[in-house]
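Peer 1: return atomic coordinates for the entry below.
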Amino acid sequence: MELELKLIDLDLSIAKLSESINLDELTVKAKFLSYTKTEAEISLVIDSDNLPESQFASDGWKAIKINGPLDFSLVGILGQIIRPLSEHGISIFTISTFDTDYILVRQEQTERALKVLSETFKIV
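Peer 2: The predicted structure follows:
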């Protein structure tokens with residue numbers, strides 16, 4: 001199976017929230033939104049234009065999407081992508097959804113990440 005990757009043309013922010021927020025409004029406005037709540041924290045990844053006030057935030061991220069849907073029986077998909085990025089000193093933040101995975105890289109490392117990944121994967 002040849003994986004296809006696609007750069008999502010949005011500036012993203014990763015935030016740690018101090019309390020739950022109203023997701024109804026954000027889901028309408030946001031172009032990209034991932035909300036995770038555990039007993040230890042609430043994390044939000046969102047297009048930077050719609051970032052709500054947060055306790056801690058890290059701006060300047062880009063997402064590379066693995067074109068899916070990916071079957072749950074597939075193994076090692078993220079490893080195939082993460083390994084070459086790691087070998088080139090590119091740090092990542094990952095998000096998994098029901099259909100696919102997203103690899104977030106720092107905006108200033110995006111071009112380099114795509115170059116590294118294009119050696120193995122098709123960039124569309």
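Peer 1: quick one, strands of this protein?
Peer 2: Taking DSSP state E to define them, one finds strands in the chain at 4-17, 33-37, 42-47, 56-66, 92-96, 101-106, 122-123.
Peer 1: and the second one, how far from the chain's centre?
Peer 2: Computed by C-alpha atoms, centre = their mean, to the nearest Å, the separation of strand 33-37 from the middle of its chain amounts to 11 Å.
Peer 1: that one pairs with which strands?
Peer 2: Here strand 33-37 has these sheet partners by DSSP bridges: strand 42-47 (antiparallel).
Peer 1: the strands of the chain into CSV, with extra columns for distance to residue 84 and mean pLDDT?
Peer 2: C-beta here means a position set from N, CA and C on the backbone, and glycine is covered the same way. Shown next, in CSV, are the strands of the chain (distance: least, C-beta to C-beta, whole Å; pLDDT from 0 to 100):
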stretch, distance to residue 84, mean pLDDT
strand 4-17, 12, 94
strand 33-37, 24, 93
strand 42-47, 23, 94
strand 56-66, 12, 94
strand 92-96, 11, 93
strand 101-106, 11, 94
strand 122-123, 13, 90
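Peer 1: tell me how far residue 105 lies from residue 89.
Peer 2: As judged by C-beta to C-beta, to the nearest Å, residue 105 and residue 89 stand 11 Å apart.
Peer 1: sorry, back to before: just put the strands of the chain in JSON lines and tack on mean neighbour count and distance to residue 77.
Peer 2: Shown next, in JSON lines, are the strands of the chain (neighbours: other C-beta atoms under 10 Å; distance: least, C-beta to C-beta, whole Å):
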{"stretch": "strand 4-17", "mean neighbour count": "17", "distance to residue 77": "11"}
{"stretch": "strand 33-37", "mean neighbour count": "14", "distance to residue 77": "18"}
{"stretch": "strand 42-47", "mean neighbour count": "20", "distance to residue 77": "19"}
{"stretch": "strand 56-66", "mean neighbour count": "18", "distance to residue 77": "7"}
{"stretch": "strand 92-96", "mean neighbour count": "15", "distance to residue 77": "10"}
{"stretch": "strand 101-106", "mean neighbour count": "20", "distance to residue 77": "7"}
{"stretch": "strand 122-123", "mean neighbour count": "12", "distance to residue 77": "14"}
